[in-house]
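No letters, just coordinates:
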């Protein structure tokens with residue numbers, strides 16, 4: 001009996017020992033130990049590089065510099081001693097010399113010396129060529145250029161350096177540098193084809209090494225989404241001058257700064273670029289996915305990684321690029337931020353615990369140095385679309401709109417037209433202020449309607465570059481038949497659009513947009529001063545073309561933006577038959593009984609309209625029209641929610657509260673596995689930040705307007721050849737008539753032979769001397785439009801006899817005697833309101849009054865370089881004394 005008890009005791013002890021061994025070891029990742037922070041972009045004693053804020057960059061494994069002739073003669077021995085592991089050298093720029101123009105060769109002046117020195121010292125290097133190519137032929141010439149510089153081919157012309165005696169051996173790729181302004185007007189598929197032509201030609205000439213592309217982060221995100229760029233993603237060299245790259249897509253190298261002290265690296269320039277080869281810990285995808293209605297989906301939009309599960313019990317295994325422990329890799333610790341939504345086991349298997357909800361799955365290496373997060377979404381996915389319209393040049397309360405967009409994850413913000421003209425600031429800047437406002441607030445796109453042509457097509461195209469998102473006008477064409485915004489760029493050349501349709505991606509879904517401007521208004525009323533009259537194509541035909549184009553791009557839904565003036569009810573069935581998902585209506589009219597969901601965009605700055613695109617895991621999309629968000633709602637959000645993340649300084653300025661723990665050991669781009677970010681809380685913080693940033697940007701716009709208001713625009717001088725001149729008001733009335741007369745061919749039928757009378761009201765005579773923009777603005781009704789109207793003879797007689805308007809000099813010499821019962825007047829909208837609401841009809845619209853006058857004075861003074869003088873008043877005793 002004693003022996004049996006002892007045996008049992010040994011068995012129990014053994015089992016306990018085995019269990020202890022099985023359960024021993026860390027239950028979570030270690031606290032990351034990065035050692036002592038090194039100086040910016042330097043390595044510390046533990047081998048970690050640090051950014052300018054003292055954060056470790058554990059993904060950085062090798063450090064290099066990139067140089068060109070602008071760094072002068074580099075002391076490569078000093079550079080090597082400074083700890084660089086590699087170099088990227090500019091070999092040249094543009095195509096090969098054709099021998100036709102002297103001194104045209106585009107070799108980098110320091111190429112040979114830099115390459116020879118790196119070869120001598122054993123410094124691994126690659127090369128880049130700065131590209132200007134806009135055609136396949138030019139790209140092939142650039143490849144010829146690189147091939148000669150590498151020593152692969154002999155010079156095609158005498159006078160070019162020959163490197164064939166000792167071809168260079170590259171350890172890093174040949175990078176095609178895509179950033180020049182000359183290529184900014186190239187569409188993504190065209191740029192990919194040009195890039196392919198460059199490398200194909202390089203291979204033809206004997207190059208067998210790696211191929212890469214250099215570009216800014218914004219260009220990579222905005223222009224390189226085309227699958228045609230896939231061959232070069234593994235060798236992407238991305239420039240972003242910041243503490244972290246903030247990019248979750250595939251890449252190889254990060255250019256982190258252009259401000260490293262040149263003297264530290266042996267270069268003659270004051271600063272030099274620093275680059276890191278990056279090997280970040282990342283989630284690479286999913287395996288073993290299983291769902292009820294739909295398979296799990298992994299999305300990486302280069303901003304955030306997401307896993308979509310359809311319902312409870314759906315599961316998928318997240319994979320990473322970390323080798324297994326058996327292969328020498330680290331153990332990975334997995335954690336869910338909310339296990340009521342989804343759990344994750346030690347193998348990365350994520351299982352949905354609810355039919356809807358969101359949580360964050362975090363994977364952390366055992367040493368705690370790197371973490372990566374993946375957002376898990378279960379059930380339907382909602383993409384909010386916010387819409388404004390008819391802002392009429394106003395930007396009051398727009399900072400609230402920025403906060404609103406940021407408060408809703410995946411939100412899209414757009415303007416449905418009628419926003420560019422109607423205020424002092426919009427007149428002052430020719431509409432540019434509103435494009436700058438769209439950018440400051442974070443609009444994703446803006447539609448252009450008939451009213452928005454107030455400053456002309458040329459100005460419109462130029463100003464559109466100030467916006468952060470594309471401008472769309474699917475059916476608007478210039479006089480030559482080209483889409484108004486075709487090849488238009490925006491946001492510092494980072495985005496390019498065909499001007500007719502655009503695709504935005506949210507949560508892995510492609511959402512297509514196109515816009516329509518009212519054909520009748522454009523063709524019947526809009527008259528551009530000093531430009532050919534625009535063309536507006538048929539709405540139904542345009543819609544058919546744009547829907548087909550978007551469907552060819554594989555979009556999941558299509559939204560049509562109908563700008564003010566478009567009759568949505570008339571188009572409703574046509575759009576539904578074409579496959580449009582919903583309409584955003586720029587008019588203020590609520591419509592009932594339509595075939596499609598119609599969202600009436602918020603009118604002015606007092607409200608924002610919202611619809612939700614609800615994507616089900618089964619593949620369908622539902623449109624929910626939500627209540628409008630008012631300014632009062634947004635003020636409440638600021639006071640009750642956003643304000644908790646805003647701090648008021650002693651000077652009254654606002655800043656976003658820093659919630660980071662300064663005592664915590666952190667890494668750039670690192671996720672904190674002990675406190676995963678919750679989307680709801682993060683959204684509120686993002687809203688506060690967006691509100692503050694937009695407020696500051698809009699304040700800067702106001703300050704810019706004030707700074708130019710009182711700067712002289714031109715000099716108003718006496719006419720040296722006349723004792724008397726016509727008045728300034730006479731000049732305006734004459735200008736109005738000239739503009740209308742030049743447009744006579746486009747007047748409505750029945751008016752071709754009618755006489756028009758210019759009436760200038762609300763005019764303040766200018767004083768001789770320098771005239772500022774403010775003085776010119778205030779010399780006429782502000783923010784009005786110049787229009788041609790038909791009215792009753794009686795109403796016209798009453799207006800002219802009132803003494804509140806001035807006609808042309810010649811007309812003013814005699815009494816006004818209208819011919820017939822109906823007459824034509826041309827003047828500003830404010831003055832013509834005196835005719836009576838029901839007493840006149842606008843026949844033609846010549847755009848912003850101030851802009852028309854400003855541009856006429858510009859033309860008459862050789863771009864404001866000459867004095868502005870009024871013509872002589874030829875009739876004795878009448879006119880303005882000099």
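It's in. On a predicted model such as this, the values are computed, not experimentally measured, just so you know.

What residues does the residue nearest to residue 162 when sequence neighbours are not counted make contact with?
Once flanking residues are discounted, residue 162 sits nearest to residue 155: 5.3 Å by CB to CB, 6 or more residues apart in numbering. Just so you know, the C-beta spots here come from the backbone N, C-alpha and C atoms, and that holds for glycine as well. If you count contacts by CB atoms under 8 Å, 6 or more residues apart in numbering, residue 155 has them with 148, 161-162.

So which of the residues you listed wins on neighbours?
When neighbours are counted by other CB atoms under 10 Å, residue 148 leads the contacts of residue 155 with 25 neighbours.

isn't there a strand covering that residue?
No. Counting by DSSP: H, G, I helix; E, B strand; the rest coil, residue 148 is located in no strand; its state is helix.

gap between it and residue 776?
According to CB to CB, to the nearest Å, residue 148 stands 58 Å off from residue 776.

same thing with residue 131?
Distance from residue 131 to residue 776, by CB to CB: 45 Å.

And residue 73, by the same measure?
From residue 73 across to residue 776, the span is 55 Å (CB to CB).

Looking at those two, which has the bigger crowd around it?
When neighbours are counted by other CB under 10 Å, residue 73 and residue 776 differ, and residue 776 comes out ahead with 18 against 14.

With adjacent residues omitted, what lies nearest to the more buried one?
Residue 776 sits nearest to residue 713 (CB to CB, 6+ apart), 6.1 Å away.

wait, isn't that neighbour in contact with residue 771?
Yes. Using CB atoms under 8 Å, residue 713 makes contact with residue 771 at a distance of 5.8 Å.

Phi, psi for residue 182 please.
Residue 182 adopts backbone torsions of phi -60, psi -20, taken as degrees, to the nearest 10.

Repeat that for residue 92.
The phi/psi pair for residue 92 (degrees, to the nearest 10) reads phi 180, psi -170.

Residue 203 now?
phi -70, psi -40.

Just want the most central residue of this protein.
Taking CA atoms, centre = their mean, the centroid of the chain lies closest to residue 468, which sits 3.2 Å from it.

What about the spatially closest residue to it that is not a sequence neighbour, how many residues nearby?
Nearest residue to residue 468, sequence neighbours excluded (CB to CB, 6+ apart): residue 439, at 4.1 Å. Neighbour count for residue 439, taken as other CB under 10 Å: 21.

any idea which helix or strand comes after the host helix or strand of residue 439?
Per DSSP states H and E: residue 439 is located in helix 432-441. Counting by DSSP H and E, the next helix or strand C-terminal to helix 432-441 is strand 445-447.

Could you pull up the mean pLDDT of that following strand?
Mean pLDDT, strand 445-447: 97.

next one: stretch 303-314
Mean pLDDT, computed over stretch 303-314, is 95.

contacts for it?
Under the contact criterion CB under 8 Å, 6+ apart, stretch 303-314 has outside partners 221, 246, 248, 282-283, 286, 290-294, 296-300, 315-316, 318, 342, 350-355, 361, 372-379, 381, 507-508, 617-618.

Likewise for stretch 740-757?
The contact list for stretch 740-757 (CB under 8 Å, 6+ apart) reads 524, 527, 533, 737, 758, 788, 790, 796, 800, 807, 811, 816, 819, 823-826, 843-844, 846.

Could I get the average pLDDT for it?
What stretch 740-757 shows for mean pLDDT is 94.

would you list every one of the strands in the stretch 401-550 of the chain?
Ranges of strands within the stretch 401-550 of the chain are 412-415, 445-447, 471-472, 476-477, 488-490, 495-497, 501-506, 509-516, 535-536, based on DSSP state E, counting those that start in this stretch.

The residue lying closest to residue 684 once chain neighbours are set aside: how many residues sit nearby?
Once flanking residues are discounted, residue 684 sits nearest to residue 641: 5.1 Å by CB to CB, 6+ apart. Neighbourhood size, residue 641 [other CB under 10 Å]: 16.

Could I get the contacting residues of residue 641?
Applying CB under 8 Å, 6+ apart to residue 641 gives the contacts 407, 684, 687-688.

Mind doing that once more with 10 Å?
By CB atoms under 10 Å, 6 or more residues apart in numbering, residue 641 lies in contact with 403, 407, 683-685, 687-688.

In the residues you listed, which has the lowest confidence score?
Here the lowest pLDDT out of the contacts of residue 641 sits on residue 683, with 88.

Surely it and residue 407 touch.
Yes. With contact defined as CB atoms under 10 Å, residue 683 reaches residue 407; the gap is 5.2 Å.

follow-up on the earlier one: which member of the contacts of residue 155 is positioned nearest residue 429?
Ranked by distance to residue 429 (CB to CB), these are led by residue 148 at 49.0 Å.

any low-confidence regions in the chain?
Scanning the chain with the threshold set as pLDDT under 70 gives 1-25, 102-103, 658-679, 876-882.

domain parsing for it?
Per automatic domain parsing, the domain ranges recorded for the chain read 49-278, 283-378, 381-650, 715-881.

Nearest to residue 708, out of the ones you listed?
Closest approach to residue 708 among those (CB to CB): domain 715-881, 6.1 Å.

Distance from the chain centre to that closest one, please.
Its chain's average C-alpha position is 40 Å from that of domain 715-881, according to CA atoms, centre = their mean, to the nearest Å.
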